[in-house]
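Visitor: what follows is a predicted protein model with its sequence.
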Amino acid sequence: MASQLDTVHHNNQQIQRYTSVHFSSKYIKGITHTDILNELEKYINREKVKAIQLTERECVVTVDDQVSKTLLLIKGIELKNYHYKFVDVEKEVTHVTIKDAPVELGDLAICTFMRQYGEVVQDSIKRGTIRGTNIETGTRYIQLINCVPTIPNITKLGRFEIRLFADNNRTQCRYCSRTDHPSYRCDMKPQRQERQRYCFRCSSHDHIIRDCPHTDNVCFECGQEGHIKRNCNRNKQTVRKDEQNEKITEDNEYGDYVHEIREGRETTEQDQIEELNVYIDNDTTKHSDYEQSVPENEDNCLPLPPITIILGASNCCRLKISDNRIHNASVSGSTAEDIDKLLVTLDKSVDKNYVSKVIFCLGTNDVTRNMTDKEMICVNMTNAINKVKAEFPNADICIFSILPRKGKGQTLTKCNLTSHSVNLYMEKVCSKDQRLSFIDLWDDFCRPGMGVNPIKTLFDKNDPSGVHINPEGANNLFLLSRTL
């Protein structure tokens, strides 16, 4: 019984399908064998058709002779107003690529070795070279006729291990031994099995973001609507605990030197603050006429009201500013369209008549809302700047350009193009008003060259939207703002 099964298996391996052609039917719904036969009769006689095998993935047509097969390869087939091209199920000549063989090994030895897999076409062996040179790469190309059904992907040539790659579905996958796909696409590949897909919105492993049912702003930390996990109070408490744990870990890591290390860090931060104060002092001398009119307090000392206001969104919220003469009024999610809501949140201690400079850093969320309507964004930005000028009559207004977005995709590309157009418009607006100045941030957050190429190390790697900057990016933004 076993010998009969071996004979059947051997006979199946010797089957050649040189008169069969096929096309993909994966995306064609509702076709039948009769539909295909009626289309085939436009080019060949019904008597020439030997078989039609229709599955969910492909349709295989077997004919009697090579002439009919050639006609089908040239003409193709029309189904449901779409044209499909026939492809050989199996070609007579199999092309094999040989990798990792020693370059010193002669062509005769290679041909002799490959005869175990089929008949070598005379003078078909070629050596691979680097393009434009005569330097060899060690790769050989050879053609076989009557090739065996499967060729191993990795085999031994003497004491050397070589790799073989053949067309006609002859090469076995090293992970599952099938021949209908290359090894790097195999689902059984260990790296693919370890890499689990998950949803970037809710972190679930049951689906991807395209199929996520949570389309509204739902917090995945507390389960409530109206905010996301990044802005959740419970999440902030978790972050504080993590910072405490990091502090304990740091104490254990640095041992007896932890106090000296921390003292050095605090000294560096204090130097940065003092350097910022020097810039501010230089700026305040330009507006001495405003400070002279400030009333004195009971101790006969001049008060220190905020002289610089920052109006921004979530990226500006990440700026760490300790100087009390700089008031960061940024609110996450703010837009130029809703500038009134942002101005209302200003602290009562801010005397708007004595503010000498306003840093305007809005527009990113406006692009997110109206990425296809840049004219509306420009109108909202202009109206917002006019309201800021009226709110702070004695202040110079510095407008930061809208930052680029990190990532790839059609949506992000469209947002970056819109942001660039709005930035060009705002630069023209600033050139016509002495109270306005424009700071282009793209050179500081993008690599030089053609197109938009944001510096990824300045953006939050865990943010799929590509909008938010990381602490290093916030430090760059802080350095730019202090020079004003």
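Guide: Now that the structure is in, tell me what you want to look at. Note that this is a predicted model, so its numbers are computed, not measured.

Visitor: care to break this structure down by domain?
Guide: 17-88, 93-192, 286-293+303-482 (automatic domain parsing).

Visitor: and those, which is most packed in?
Guide: domain 286-293+303-482 (a mean of 17; mean count of other CB atoms under 10 Å). The C-beta positions use only the backbone N, C-alpha and C, and glycine is treated the same way.

Visitor: averaged pLDDT, that domain. What do you get?
Guide: Mean pLDDT, domain 286-293+303-482: 80.

Visitor: give the next helix or strand downstream of the longest strand along the chain.
Guide: Secondary structure of the chain per DSSP state E: the longest strand is strand 136-145. Under the assignment DSSP states H and E, the closest C-terminal helix or strand after strand 136-145 is strand 154-157.

Visitor: quick one, strands of the stretch 1-150 of the chain?
Guide: 20-24, 49-54, 58-63, 77-79, 82-84, 87-88, 93-99, 119-120, 126-129, 136-145 (DSSP state E, counting those that start in this stretch).

Visitor: now those as JSON lines including mean pLDDT and distance to residue 403?
Guide: Below are the strands of the stretch 1-150 of the chain laid out as JSON lines (pLDDT from 0 to 100; distance: least, CB to CB, whole Å):
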{"stretch": "strand 20-24", "mean pLDDT": "88", "distance to residue 403": "44"}
{"stretch": "strand 49-54", "mean pLDDT": "92", "distance to residue 403": "54"}
{"stretch": "strand 58-63", "mean pLDDT": "91", "distance to residue 403": "49"}
{"stretch": "strand 77-79", "mean pLDDT": "89", "distance to residue 403": "50"}
{"stretch": "strand 82-84", "mean pLDDT": "86", "distance to residue 403": "44"}
{"stretch": "strand 87-88", "mean pLDDT": "82", "distance to residue 403": "48"}
{"stretch": "strand 93-99", "mean pLDDT": "89", "distance to residue 403": "46"}
{"stretch": "strand 119-120", "mean pLDDT": "88", "distance to residue 403": "61"}
{"stretch": "strand 126-129", "mean pLDDT": "92", "distance to residue 403": "46"}
{"stretch": "strand 136-145", "mean pLDDT": "90", "distance to residue 403": "44"}
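
Visitor: can you say which of those is nearest to residue 363?
Guide: Residue 363 lies closest, by CB to CB, to one member of those: strand 82-84, at 44.8 Å.

Visitor: could the domains of the chain go into TSV alongside distance to residue 234?
Guide: Below are the domains of the chain laid out as TSV (distance: least, CB to CB, whole Å):
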stretch	distance to residue 234
domain 17-88	46
domain 93-192	35
domain 286-293+303-482	17
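
Visitor: nearest to residue 219, of these?
Guide: domain 286-293+303-482 (13.8 Å).

Visitor: how distant is stretch 28-35 from the center of its chain?
Guide: Remark: stretch 28-35 is offset 39 Å from the chain centroid, using CA atoms, centre = their mean, to the nearest Å.

Visitor: kindly report the same for stretch 459-474.
Guide: 13 Å.

Visitor: quick one: contacts of stretch 403-417?
Guide: 315, 364, 367-368, 371-372, 419, 441-442, 445-446, 452, 454, 456, 459, 464-467, 469 (CB atoms under 8 Å, 6 or more residues apart in numbering).

Visitor: apart from its chain neighbours, what residue comes closest to residue 181?
Guide: residue 173 (6.3 Å; CB to CB, 6 or more residues apart in numbering).

Visitor: residues contacting the one you found?
Guide: Applying CB under 8 Å, 6+ apart, the residues near residue 173 are 153, 179, 181, 182, 183, 186, 188.

Visitor: can you rerun that using 7 Å?
Guide: Residue 173 makes contacts with 181, 183, 186, as judged by CB atoms under 7 Å, 6 or more residues apart in numbering.

Visitor: let's verify it: helix, strand, or coil?
Guide: Judged by DSSP: H, G, I helix; E, B strand; the rest coil, the three-state class of residue 173 is coil.

Visitor: closest to residue 310 among the contacts of residue 173?
Guide: Of all those, residue 186 has the smallest distance to residue 310: 53.2 Å, by CB to CB.
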